[in-house]
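**Student:** sequence first, then the predicted structure:
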Amino acid sequence: MLKGKTALVTGSTSGIGLAIARAMAEAGVDVMLNGFGDGAEIEKERSGLEKEFGIKARYSGADMTKPDEIAAMVADTEKEFGKLDILVNNAGIQQVANIEDFPVEKWDAVIAINLSSSFHTIRAAVPGMKKRKWGRIINIASAHGLVASGQKAAYVAAKHGLVGLTKVAAIENANDGITCNAICPGWVLTPLVAKQIKARAKESGQTFDEAKVALVSEKQPMHDFTKPENIGALAVFLAGDAAASITGSAYSIDGGWTAQ
């Protein structure tokens, strides 16, 4: 269904982004990876995608706080693959503090990476998609794009903004063969979250599984984490023909968090 298409997935050197890149590659999509990390590990993932799925995979180290580098990354993707069909905006960071204690520079960084970078990628990618009359834009928002939690002012503001940006992009491109949707995960068991659970278990004297349930149940009726692979599968669906008339939507994949 998607064989021969191309995708750019930001923040895809680990976690959710890498799972999405793998899902796209499995569907036959050529992929441009992006993100930070150990160079050898990134190259291992990149070459691994090519060997496992028989697609072309490339890597851009573009800094998602820098509009010029973002525009260059989109241009490089189009040059490398001949086109950019699927844009997945996944790059994100977190900072936790009360508003009065929130470091200004951290606010700026969270907004830049979690929200503004998606504006810059969409702005750069849409002209080519319009020309070809086909495009899929998928923004990885969060349950925090729909509801709020304390001490996460920048993250919640950015993710709410990303859901709003999704709707605008959907409306503007509704008749150009381009869809734009958001995926809103709840708790996802990434390596970073697993590290937090281990620390919590050690501090509380709980087992890892006990600490895992305690953490996830603070927000979700379903006492289990969403797997990164589940999000990858949803992204592939939204990129496919079956979702051709789905646009401007925010898909919750959050164990019932936002149903409450």
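**Tutor:** Structure received.
**Student:** where does pLDDT dip in the stretch 101-250 of the chain?
**Tutor:** Within the stretch 101-250 of the chain, the set of residues satisfying pLDDT under 70 is empty.
**Student:** go with 90
**Tutor:** By pLDDT under 90, the weakly predicted segments of the stretch 101-250 of the chain are 190-193, 196.
**Student:** what about the helices in it?
**Tutor:** Assigned helices in the stretch 101-250 of the chain, in chain order: 104-111, 117-132, 153-172, 191-204, 208-216, 228-239 (criterion: DSSP state H, counting those that start in this stretch).
**Student:** mind putting the ones you listed into TSV with distance to Ser142 and mean neighbour count?
**Tutor:** Any C-beta I mention is one placed from the backbone N, CA and C, and that applies to glycine too. Listed next are the helices of the stretch 101-250 of the chain as TSV, based on distance: least, C-beta to C-beta, whole Å; neighbours: other C-beta atoms under 10 Å:
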stretch	distance to Ser142	mean neighbour count
helix 104-111	12	15
helix 117-132	13	20
helix 153-172	4	20
helix 191-204	13	13
helix 208-216	15	17
helix 228-239	11	21
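**Student:** of all those helices, which one is nearest Glu26?
**Tutor:** Distances from Glu26 to each of these were compared using C-beta to C-beta; the shortest belongs to helix 228-239, at 8.0 Å.
**Student:** relative to helix 191-204, how tilted is the closest one?
**Tutor:** 150 degrees (axes from the mean of the first three to the mean of the last three C-alpha atoms, to 10 degrees).
**Student:** can you list contacts of the helix or strand that comes right after helix 228-239?
**Tutor:** Later in the chain than helix 228-239, the nearest helix or strand by DSSP states H and E is strand 250-253. Here strand 250-253 makes contact (C-beta atoms under 8 Å, 6 or more residues apart in numbering) with 141, 143, 145-146, 163, 166, 181-186, 226, 230-231, 234, 238, 258-259.
**Student:** ok, Glu43 to Glu105 distance?
**Tutor:** Distance, Glu43 to Glu105, using C-beta to C-beta, to the nearest Å: 31 Å.
**Student:** one more: Lys130?
**Tutor:** Summarising the geometry, the distance separating Lys130 from Glu105, computed by C-beta to C-beta, is 36 Å.
**Student:** repeat that for Thr65.
**Tutor:** Relative to Glu105, Thr65 is positioned 11 Å away (criterion: C-beta to C-beta).
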